[in-house]
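A.B. asks: this one's structure only:
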């Protein structure tokens, strides 16, 4: 097993899906958290000048949160059993990522008029993506299990982690989506995820 | 072999990477192009109300351009030979997608001040992503072949297709990136890609 270091800011953000994958697989990694004050200096050391970055065996550093997530999901068995399952997993992850990315961009915007525009965009994307996720869940055994097949995969974990802030800010955010709500509770009840959530840092994003 | 239909607007845009994959694999598909005037009516028939959508055997319709691309790349053998190669392919594709997405959002914006902001964002992302791509190419046999391994993969095709408009608009766009420039020429010279490009519709985006 290689040694893994995950670099990110001291927040859940774009790295949390990777942390959930490590937790679900019970794989050790170094959880390196960079303070914003260190970022300007640290940035040029990171490929593509972004975080998260995954370092493997202190030999290679690789950026892009979703590429890292897919790598870990394949490595740890959370990506589906065949190409069609992987296709479904990818489509769900990419749809959730759209919503999540709109949220993160809005969250980081300081200028009020721009933030309002981005809020509208987030609401619009939610109106497209959430009904699609609800229907996709319903299509797999009536929505009483997981998104794809019969075990928790990266798309289920993503549905939990990407919606944490929107749901915290607005407890009614998922009120029209009972299947998504129940799926997120199932992820949270997974013994390894539950144990991780209990001990993790409590951060604003 | 299933029957494939790819739905998109009459443009290259977010669907062209899928079309290149079909072309490189010599696989037949129905290339359904929707006029913008039909979109409002057509939209609600599409999962997640977006395009492109891939229909397989008239039974399932799946959205998300990059999820479709990864599915086709796995199916047709353009995704690398093992998890580490796939990780590299994904990271390169996701980095190019960032740049491409910034371009597409800017391209579609009608409001001039907003378009200027988005142009700045595109320039910033280019300054992060292009040097990373150039270095990544150099790290594989000095940059004289492909991004990963020794054959053309989805990331190479993406590097060609996602940068078509920026390069057409500004012939100096890649002047500091000789390895990327040469890679794009290699993709364009691939017999199956060259044959496809020669016969495809000539569209503005």
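C.D. replies: The structure has been received and is ready for your questions. As the structure is a prediction and not an experimental result, all values here were calculated from the model.

A.B. asks: C-alpha from now on. contacts and neighbour counts both.
C.D. replies: OK.

A.B. asks: just the strands in chain A please.
C.D. replies: A:4-9, A:30-34, A:53-56, A:60-63 (DSSP state E).

A.B. asks: which one of those strands lies closest to residue B:125?
C.D. replies: strand A:60-63 (14.0 Å; C-alpha to C-alpha).

A.B. asks: quick one: strands adjacent to that closest one?
C.D. replies: Using DSSP bridges, strand A:60-63 pairs in its sheet with strand A:53-56 (antiparallel).

A.B. asks: got the contact list for the least confident helix or strand in chain A by mean pLDDT?
C.D. replies: Least confident helix or strand of chain A, by mean pLDDT, DSSP states H and E, is helix A:36-43 with a mean of 93. With contact meaning C-alpha atoms under 8 Å, 6 or more residues apart in numbering or on different chains, helix A:36-43 is reached by A:9, A:49-50.

A.B. asks: buried ones in that helix?
C.D. replies: Residues of helix A:36-43 classed as buried: residue A:39 (neighbour count, 16 or more other C-alpha atoms under 10 Å in any protein chain shown).

A.B. asks: just the angle between it and strand A:30-34, please?
C.D. replies: 110 degrees (axes from the mean of the first three to the mean of the last three C-alpha atoms, to 10 degrees).

A.B. asks: Pop out the phi and psi values for residue A:29.
C.D. replies: Residue A:29 has phi and psi values of phi -150, psi 160 when expressed as degrees, to the nearest 10.

A.B. asks: That one against residue A:5, yeah?
C.D. replies: Yes - the criterion here is C-alpha atoms under 8 Å, and residue A:29 meets it with residue A:5 at 5.5 Å.

A.B. asks: isn't residue A:147 right next to residue A:132, touching?
C.D. replies: No - assessed by C-alpha under 8 Å, residue A:147 is found out of contact with residue A:132, at 11.6 Å.

A.B. asks: Please tabulate the strands of chain A in CSV, including the columns mean neighbour count.
C.D. replies: Listed next are those as CSV, based on neighbours: other C-alpha atoms under 10 Å in any protein chain shown:
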stretch, mean neighbour count
strand A:4-9, 20
strand A:30-34, 14
strand A:53-56, 21
strand A:60-63, 18
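
A.B. asks: Poorly predicted segments of chain A, please.
C.D. replies: Judged against pLDDT under 70, chain A has no low-scoring part.

A.B. asks: Residue numbers of chain A in contact with chain B?
C.D. replies: A:47-49, A:62-64, A:66-68, A:70-71, A:74-75, A:83-84, A:86-87, A:90-91, A:94-95, A:128-129, A:131-132 (C-alpha under 8 Å from any C-alpha of the partner chain).

A.B. asks: can you list the domains in chain A?
C.D. replies: A:4-77+A:193-199, A:83-189 (automatic domain parsing).

A.B. asks: For chain A, which segments count as helices?
C.D. replies: A:16-25, A:36-43, A:65-76, A:83-108, A:112-138, A:154-162, A:164-169, A:178-189, A:191-199 (DSSP state H).

A.B. asks: tally of neighbours for residue A:110?
C.D. replies: 9 (other C-alpha atoms under 10 Å in any protein chain shown).

A.B. asks: How about residue A:99?
C.D. replies: 22.

A.B. asks: ok, now the one 5 residues further on?
C.D. replies: By the criterion of other C-alpha under 10 Å, residue A:104 has 18 neighbours.

A.B. asks: list the contacts for residue A:144?
C.D. replies: Residues near residue A:144 by C-alpha under 8 Å, 6+ apart: A:137-138, A:179, A:182-183.

A.B. asks: now do residue A:52
C.D. replies: A:6-9, A:14-15, A:63-65.

A.B. asks: Same list (the contacts of helix A:36-43) but as JSON lines, adding distance to residue A:41.
C.D. replies: Formatted as JSON lines, the contacts of helix A:36-43 follow (distance: C-alpha to C-alpha, whole Å):
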{"residue": "A:9", "distance to residue A:41": "14"}
{"residue": "A:49", "distance to residue A:41": "11"}
{"residue": "A:50", "distance to residue A:41": "12"}
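
A.B. asks: Which member of the residues you listed is positioned nearest residue A:158?
C.D. replies: residue A:9 (18.6 Å).

A.B. asks: Skipping adjacent residues, who's closest to residue A:118 in space?
C.D. replies: residue A:106 (5.2 Å; C-alpha to C-alpha, 6 or more residues apart in numbering or on different chains).
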